[in-house]
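1. Here is a sequence with its predicted model. Questions after.
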Amino acid sequence: MTYGQDKPLVWLKGEVRTPPFTPQARLEAGLLLRRLQHGQALSLPHSRAMPAIGRNCHELRITDRNHTWRIVYYVAAEAVVILDVFSKKTQVTPVGIIETCTKRLAAYLRATAEKE
């Protein structure tokens, strides 16, 4: 793909900054997001499907020195939509994160449907 065909990133929540990300984790996040923008489908160990949030929803998995970061995203036809960025402290994604991301995705889908 050429750069002119890359999907934009739409940030609904969160950011990838140093700190709290280490420079290495921020670089990894940036490279993975860039691959998504190029239209590549990522799988484990980098990305995991999140069907509890919605179809085409996934989480990037970024291991940092003191944190395990997650970037929850939705792959739309026109963009890669970032639903949340958080530090994961347990093996199970917190219910509150899933609920919040589900609401953000629904709001995004409503907003983009109104533009068509």
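-> Cool, the structure landed.
2. Report the beta-bridge partners for residue 58.
-> Note on residue 58: beta-bridge partners by DSSP bridges are residue 49, residue 73.
3. Next up, the contacts around it.
-> For residue 58, the contacting residues are 42, 47-50, 72-75, by CB atoms under 8 Å, 6 or more residues apart in numbering. All C-beta atoms are positioned from the backbone trio N, CA, C, and that covers glycine.
4. how about a cut-off of 6 Å?
-> Residues near residue 58 by CB atoms under 6 Å, 6 or more residues apart in numbering: 47, 49-50, 73.
5. Same question for residue 46.
-> residue 32.
6. mind checking pLDDT for it?
-> On pLDDT, residue 46 comes in at 93.
7. sorry, back to before: so can I have a markdown table of the contacts of residue 58 showing neighbour count?
-> Shown next, in a markdown table, are the contacts of residue 58 (neighbours: other CB atoms under 10 Å):
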| residue | neighbour count |
| --- | --- |
| 47 | 19 |
| 49 | 13 |
| 50 | 23 |
| 73 | 31 |
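8. farthest pair in those?
-> Farthest-apart pair in the contacts of residue 58 is 49 and 73; separation 11.1 Å (CB to CB).
9. Look up how far residue 113 lies from the residue nearest to residue 60 when sequence neighbours are not counted.
-> Sequence neighbours aside, residue 71 is the residue nearest to residue 60 in space, at 4.1 Å (criterion: CB to CB, 6 or more residues apart in numbering). Going from residue 71 to residue 113 by CB to CB, to the nearest Å gives 24 Å.
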